[in-house]
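[1] Need coordinates for the below:
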Amino acid sequence: MAKILVVGSSNTDLVVKTGRFPQPGETVMGGDFFLFQGGKGANQAVAAARMGGEVAFISKVGADLFGSQTMESLERAGIPRTWMSMDASTSTGVAMITVNEQGENHIVVVPGANALLLPDSLDEAKDALATADCWLCQLEIPVGTVVSLAERAKSSRKKLILNPAPAVDLPESVYQHLFLITPNETEASLLSGIPCEQEEDYPRVAQWFLNKGVQQVVITLGEKGVFFKNAELELRIPAPSVTAIDTTAAGDVFNGTLAVALAEGQSWEKALQIAIQAASLSVTRMGAQASAPFRSEVLK
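    Predicted coordinates:
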């Protein structure tokens, strides 16, 4: 069984469906309201677990109702609370999500306890770090923790996947320690300073990351699929056509699934195809963690 270590955020998602997004200063009537478990780290952990990975999750929540619900929900998903901790000084992270009729979303995140997931949390999880086949993190936690994780990945020769979402400035050294980076088009453009909108842009943007020292680059393109590049191989893989209901956690499902496929030794092409299939299934369902498909569904 693939052993995946996820370091990242846990949030409670408050989701409102509406016909269209309001303009500044405008009030619109919403439709359905949902409360889901979310946070990029937790979403990716659940996606990896549903794909059959043995997942260790390093995260922090507040000592409140949302925090208790988060831990209970993750345990039900097969993720032990061993490396999750509660902090009574702050709240659990919250994401306010508005979804329109096209399945597009606007998201505002309140970090809460995620902002307190500091490098010393990694010191307390040395066993999980040592035994995992693949490490996965995002940027809804302090950059200093990501830097520390990257340095540990290099010194221990572990494969670290960074999903740079939301995009923030990163120290140059981080790129040199990454096995894989997985930005979407917007994140790739923000980080590189190069437009990433057309087919001809993707190789140039990917090469920017490779020049920084990243070993592999996957640019996720939503309904258009993905672009992959490393020193030897370049792939352009489309996504299946589906009717999107909610795209909230598609990127997280992609990353969690990809981590498991790579840890199992799948080829780049096969691993990317599996991850795209999982992400495509997820957008046909409401919710973040709730939308992550199980392995049997993906392999169909």
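
[2] burial count for Gly67?
    The local packing of Gly67 (other C-beta atoms under 10 Å) involves 25 other residues. Using the backbone N, CA and C atoms, a C-beta is placed for each residue, glycine as well.

[3] Check the secondary structure at it for me.
    helix (DSSP: H, G, I helix; E, B strand; the rest coil).

[4] Does anything pack onto the helix or strand of the chain with the lowest mean pLDDT? Which helices or strands?
    Across the helices and strands of the chain, mean pLDDT, DSSP states H and E gives its lowest value to strand 105-110, namely a mean of 86. Secondary-structure packing of strand 105-110 (3 or more C-beta pairs under 8 Å, 6 or more residues apart in numbering; DSSP states H and E): strand 93-99.

[5] Pairing partners for the strand it packs on, with directions?
    As defined by DSSP bridges, the strand partners of strand 93-99 come to strand 11-18 (parallel), strand 105-110 (antiparallel).

[6] Looking at those, which is nearest to Gly256?
    strand 11-18 (15.5 Å; C-beta to C-beta).

[7] Can you name the next helix or strand after the closest one?
    strand 30-38 (DSSP states H and E).

[8] Just give me how far that next one sits from the chain centre.
    Centroid separation between strand 30-38 and its chain, computed with C-alpha atoms, centre = their mean, to the nearest Å, is 20 Å.

[9] Which secondary structure elements does that strand sit against?
    By 3+ C-beta pairs under 8 Å, 6+ apart, strand 30-38 packs against strand 11-18, helix 65-76, strand 93-99.

[10] tell me the most buried of the strands paired with strand 93-99?
    strand 11-18 (a mean of 22; mean count of other C-beta atoms under 10 Å).

[11] quick one on the thing from earlier: could I get the helices and strands packed on strand 30-38 as TSV with distance to Arg236 and mean pLDDT?
    Listed next are the helices and strands packed on strand 30-38 as TSV, based on distance: least, C-beta to C-beta, whole Å; pLDDT from 0 to 100:
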stretch	distance to Arg236	mean pLDDT
strand 11-18	32	91
helix 65-76	35	95
strand 93-99	29	90
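
[12] Now that we have these, can you turn them into CSV and tack on distance to Met84?
    CSV is the format used below for those (distance: least, C-beta to C-beta, whole Å):
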stretch, distance to Met84
strand 11-18, 13
helix 65-76, 6
strand 93-99, 13
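
[13] got the buried residues for stretch 268-288?
    268, 271-283, 285-288 (16 or more other C-beta atoms under 10 Å).
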